[in-house]
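Participant: What follows is a protein structure lacking sequence information:
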């Protein structure tokens, strides 16, 4: 099936609209002109009749008036009260031929508006436009007859014909103009559509760097604005997909890296034991190493499973109020050995009256992870656990005097397997890079917030805000 090009559809639509408007305006103008012409003729004829009646219809005045109006083809006729022609004088008596109803109107002093007759008063075929005006005796105001002033329709029709011809000529030129205007409008609209079509094609092939011009004038501009928003959204989605894909690849590489080291260690020790290559005095140490590495693998798997459960809301929080300082003291005691190995001091600055509303086990997990992270990045320094309250939150600050974090890496510390010091190998404590990622998910589940401020080479401060129980 042959397609009707949208460009030609637009031309046809615009042209038809303009053409219909021209036809409607043309007919309206013709009707108006016709009515105006007849109204003007009627007024003119009434003026002649009124002038005759005012002059008492003297014969010499009638002859003079008829002579003057002869060039205009205007005819003066006078009838008496019995509807008999008395001027011009004729051998045969002629009647006006008006209806009984119209004659009664004249008797009552009413004028008869312009009417069209197909014959004159003598019975000749001649179209006339006639008005009738009654006259009365001056002394007793008795109906004496009426004056009929007529003009041939041919004169009026000639004027209207000339007007129609001029209007038809104007219509032809207007139609040509309408075609030109339709062409320009259609080209303008089609160009705007083609602009959207080209942009759509670019998006379809994966090019999202599109910004259509938007003048905020009409629906096409609204569509362009929506298209720009869609392109931005698709671009952001594409970037997010690529970022997630890169993170997936990095995740697989990191998991492989994290698991390769302990597996290699275990495999090497097993081969050594199998071939009796390890001295007897080192066998116990080898078994301890295999035990530690296997525990590290289990911890790595558990942390990954824990992270996925937290991320997919598969854990249930049992929130309750409990004493914050007592919790801090328990955590510090738990991490004292790790702190002493790094020659760090862990201090608590928290009033004994402060309570926090959270899931106890998950809260301990959050603070342990953040504090352990501070211990790992600090050598011979101080880690401080601060607890305060404001109107709506229990505020916790965990600060250290460690190596700090580069400002460019602050936003990335919440990602799985991210390490601020990529050259650092896994420590005795089995660092996996999942700690802060788990912390962020647990904090979000509590409806709390966590933020970090860090200065490279000076230290880091983590700030956590937990809503109060009433909140």
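Facilitator: It's in. Fair warning: this is a prediction, and the values are worked out from it, not measured in the lab.
Participant: and the longest strand along the chain, average pLDDT?
Facilitator: Looking across the chain with DSSP state E, the single longest strand is strand 125-136. Per-residue pLDDT over strand 125-136 has a mean of 88.
Participant: and the helix or strand just after it with strand 125-136, angle?
Facilitator: Note on strand 125-136: by DSSP states H and E, the next helix or strand toward the C-terminus is strand 143-152. Counting by axes from the mean of the first three to the mean of the last three C-alpha atoms, to 10 degrees, strand 143-152 lies at 150 degrees to strand 125-136.
Participant: which residues are in contact with strand 143-152?
Facilitator: Contacts of strand 143-152 with the rest of the structure, by C-beta atoms under 8 Å, 6 or more residues apart in numbering, involve 41, 45-46, 48-49, 52-53, 57, 72-81, 86, 96, 106-107, 109, 117, 120-121, 126-137. In short, each C-beta sits where N, CA and C put it, glycine included.
Participant: can you pull the buried residues of that strand?
Facilitator: Within strand 143-152, the residues scored as buried using 16 or more other C-beta atoms under 10 Å are 144-152.
Participant: worst-scoring helix or strand of this structure, pLDDT-wise?
Facilitator: Lowest by mean pLDDT, DSSP states H and E among the helices and strands of the chain is helix 280-311, with a mean of 73.
Participant: What are the buried residues along the following helix or strand past that helix?
Facilitator: Next in sequence after helix 280-311, counting helices and strands by DSSP H and E, comes strand 319-323. Within strand 319-323, the residues that qualify as buried are residue 319, counting by 16+ other C-beta under 10 Å.
Participant: before we move on, back to that, ok, so of the buried residues of strand 143-152, who is nearest residue 224?
Facilitator: Of all these, the one sitting nearest residue 224 is residue 151; the distance, using C-beta to C-beta, is 63.9 Å.
Participant: Where does pLDDT dip in the stretch 101-250 of the chain?
Facilitator: Applying pLDDT under 70 to the stretch 101-250 of the chain flags residues 247, 250.
Participant: who does the longest helix seen in the chain touch, helix- and strand-wise?
Facilitator: Counting residues, the longest helix found in the chain (DSSP state H) is helix 219-274. Packing partners of helix 219-274 (3 or more C-beta pairs under 8 Å, 6 or more residues apart in numbering; DSSP states H and E): helix 153-204, helix 280-311.
Participant: now that helix, how far from the chain's geometric center?
Facilitator: Offset of helix 219-274 from its chain centre (C-alpha atoms, centre = their mean, to the nearest Å): 34 Å.
Participant: quick one: that helix to helix 153-204, angle?
Facilitator: Calculated by the same axes, to 10 degrees, helix 219-274 forms an angle of 10 degrees with helix 153-204.
Participant: mind starting the numbering at 68 from now?
Facilitator: That works, and once the first residue is 68, the last one we named lands at helix 286-341.
Participant: quick revisit: list just the one of the helices and strands packed on helix 286-341 that sits closest to residue 522.
Facilitator: Closest to residue 522 of the helices and strands packed on helix 286-341 is helix 347-378 (C-beta to C-beta; 28.8 Å).
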